[in-house]
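Peer 1: Predicted model and sequence below, questions to follow.
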Amino acid sequence: MNTAYTLGRILLPILFIWLGVQNILNADDLARTLAGYVSLPADIEPYLGGLSRYVALAYLVGAVEVVCAAMVLVGLKARWAALVLIVYAASTVIFTHNFWEMEGAAAASNRLQALMYLSVIGGLLLVVACGSGPSALDRRA
């Protein structure tokens, strides 16, 4: 059981690490998407070192994905990191894979993406319930 839980905790966050890196590498694309869903005040741009507010948010989203996924992977405050990833995954389903507002092939494709995210949320809920588990960084302190 310990080996299975550890392996699951290691495999579960791979999706978020990959997506987070992709979001960082393609921050401009994510920024355009975020601009359609989130309203940010223009007043913050002078504090962002020349970045647009939506590009800065895209980098932040990617960083949160990578950092929280890495925390789950190594078992460092995995419950808290899993909670953050649950909120992120649920938001992704609601705002970008809203198949209930689509038709045809787009609805079918987004329904599948939403169901995959729901499955990942289920795994993350297990991490929230059971904690970091064996072979975790939290256990080595």
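Peer 2: Cool, got the structure.
Peer 1: Where does pLDDT dip in this protein?
Peer 2: Counting by pLDDT under 70, the ranges of the chain that qualify are 1, 139-141.
Peer 1: Strands of that one, residue ranges please.
Peer 2: Taking DSSP state E as the criterion, the chain contains no strands.
Peer 1: can you map out the helices along it?
Peer 2: Assigned helices in the chain, in chain order: 2-11, 14-25, 27-35, 53-74, 78-96, 104-130 (criterion: DSSP state H).
Peer 1: Tyr47: neighbour count?
Peer 2: Other residues within reach of Tyr47 by the criterion other C-beta atoms under 10 Å amount to 9. C-beta here means a position set from N, CA and C on the backbone, and glycine is covered the same way.
Peer 1: Sorry, wrong one. I was asking about Trp18.
Peer 2: Around Trp18 there are 13 residues (other C-beta under 10 Å).
Peer 1: how close does it sit to Ile24?
Peer 2: Using C-beta to C-beta, to the nearest Å, one obtains 11 Å as the distance from Trp18 to Ile24.
Peer 1: one step back: from the helices of the chain, which stretch is densest packed?
Peer 2: helix 53-74 (a mean of 20; mean count of other C-beta atoms under 10 Å).
Peer 1: From the chain's centroid, how far away is that one?
Peer 2: Mean C-alpha position of helix 53-74 versus that of the full chain (C-alpha atoms, centre = their mean, to the nearest Å) differs by 7 Å.
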